[in-house]
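Novice: just coords:
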């Protein structure tokens, strides 16, 4: 009887399979995070608006597989403030004027500026509520992710940098 030691070949195939599964998880969570951004969120003024504005944040979401980990996230620094909310703070009115211009097309510029300044003062007085998109992308898809892992539990967490 001739036997062959193919332990290394089997380990290599298992590693490739694990990488394949992690890649599928990354693609799944990335896509679901973008969908979450498009879900309307109740804002302070009482209206329901999507977290999605220009698409920059949604387009920046990526995933990376390394070792036994898949990381899904974005390099944009403001993403954590969308995900987790922010304490009241003073902000530049320039971006707010641009945002108001996108939301209130056709409104006279002077009125757009008034709205932008009112928002600026509101941000300085009140905390910004969280509008999570990454965490729900995992929570709402735990069963699908577990299925990819053969029904086994897995660890996950949200981190910054």
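Specialist: That came in fine, so what should we check first? Everything quoted here is computed from the prediction, not taken from an experiment. Numbering: from 1, shown residues only.

Novice: ok, residues contacting the helix or strand bottoming out on mean pLDDT in the chain?
Specialist: Lowest on mean pLDDT, DSSP states H and E among the helices and strands of the chain sits strand 48-50, with a mean of 74. Here strand 48-50 makes contact (CB atoms under 8 Å, 6 or more residues apart in numbering) with 37, 38, 39, 40, 41, 42, 43. Any C-beta I mention is one placed from the backbone N, CA and C, and that applies to glycine too.

Novice: just checking, what packs against whichever helix or strand comes after that strand?
Specialist: Counting by DSSP states H and E, the next helix or strand C-terminal to strand 48-50 is helix 56-60. Using 3 or more CB pairs under 8 Å, 6 or more residues apart in numbering; DSSP states H and E, the elements in contact with helix 56-60 are helix 7-38, helix 79-84.

Novice: Go through the helix or strand encompassing residue 135 and flag the buried ones.
Specialist: Element membership for residue 135 (DSSP H and E) is helix 134-139. Residues of helix 134-139 classed as buried by neighbour count (16 or more other CB atoms under 10 Å): 134, 135, 136, 137, 138.

Novice: How about the helix or strand following that helix, which residues are buried there?
Specialist: The helix or strand immediately downstream of helix 134-139 is helix 142-148, counting by DSSP H and E. Residues of helix 142-148 classed as buried: 145, 148 (neighbour count, 16+ other CB under 10 Å).

Novice: elements contacting helix 142-148?
Specialist: Against helix 142-148 (3+ CB pairs under 8 Å, 6+ apart) you get helix 7-38.

Novice: Can you tell me which of the contacts of strand 48-50 is nearest residue 57?
Specialist: residue 37 (6.8 Å; CB to CB).

Novice: now that closest one: how far from residue 66?
Specialist: Residue 37 sits 25 Å away from residue 66, taking CB to CB, to the nearest Å as the criterion.

Novice: The nearest residue to residue 132 once chain neighbours are set aside: what's it in contact with?
Specialist: Of all residues not flanking residue 132 in the chain, residue 83 sits nearest, at 5.1 Å (CB to CB, 6 or more residues apart in numbering). Applying CB under 8 Å, 6+ apart to residue 83 gives the contacts 130, 131, 132, 133, 134, 135, 158.

Novice: Noted, bye for now.
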